[in-house]
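**Q** Compute the structure for the input listed below.
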Amino acid sequence: MSDTIKLSIVTPTGEIYCDDVKSVVLPGKDGEFGVIPAHSSLVSSLTVGVIEITKTDASIEVIAINWGHVKVDESFVDVLVDGAVALSGDDSSVIAQNIQKAKDLVSSVEDSNVSMAAVNARISSFA
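**A** Got it, this is the predicted structure:
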């Protein structure tokens, strides 16, 4: 059994992430859920929130999304989202800009089942 799983994140403008990862946490419609290698197959809707990726070097990468779908198999996670913003960058000003873009993205979603304050707080925690 492999200790990684292939993660692909695609938006309407193209693929924004594709790599082997240790795990990924996704904002499902019924709450966050984690995926690790050899996970049971599933298909789920995703809601506004953050995708938290644990990379093979144990570093964390975070991507804010507005909504989408995920297909999980034992060896891959395919994420299709309408909009996404990576909360990373080479310096603090780029990171700050990306955090603002992420907040703007999630603010555009009107989903009464989601606490926007909680999503914005989670985005801000990665600054």
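
**Q** center of this protein - which residue?
**A** The centroid of the chain falls nearest to residue 51 when counting by C-alpha atoms, centre = their mean (2.0 Å).

**Q** Quickly find the element holding the closest residue to residue 18 other than its chain neighbours.
**A** Distances taken as C-beta to C-beta, 6 or more residues apart in numbering put residue 8 closest to residue 18, at 4.8 Å, once the chain neighbours are dropped. For glycine as for every other residue, the C-beta is placed from the backbone atoms N, C-alpha and C. For residue 8, the host element (DSSP states H and E) is strand 5-11.

**Q** Following the chain onward from that strand, which element is next?
**A** strand 14-28.

**Q** quick revisit: test for you: state the pLDDT assigned to the nearest residue to the residue nearest to the centre of the chain once chain neighbours are set aside.
**A** Leaving aside its sequence neighbours, residue 51 sits nearest to residue 63 (C-beta to C-beta, 6+ apart; 4.6 Å). Per-residue pLDDT puts residue 63 at 93.

**Q** Equivalent analysis for residue 124, please.
**A** For residue 124, pLDDT reads 72.

**Q** Just read off the phi/psi values of it.
**A** Per-residue torsions, residue 124: phi -60, psi -30 (degrees, to the nearest 10).

**Q** where do the strands sit along this structure?
**A** 5-11, 14-28, 31-35, 42-46, 49-55, 60-65, 68-72, 76-81, 84-86 (DSSP state E).

**Q** Which strands and helices lie in contact with the longest one?
**A** In terms of contact count using 3 or more C-beta pairs under 8 Å, 6 or more residues apart in numbering; DSSP states H and E, strand 14-28 is assigned the packing partners strand 5-11, strand 31-35, strand 42-46, strand 49-55, strand 60-65, strand 76-81, strand 84-86.
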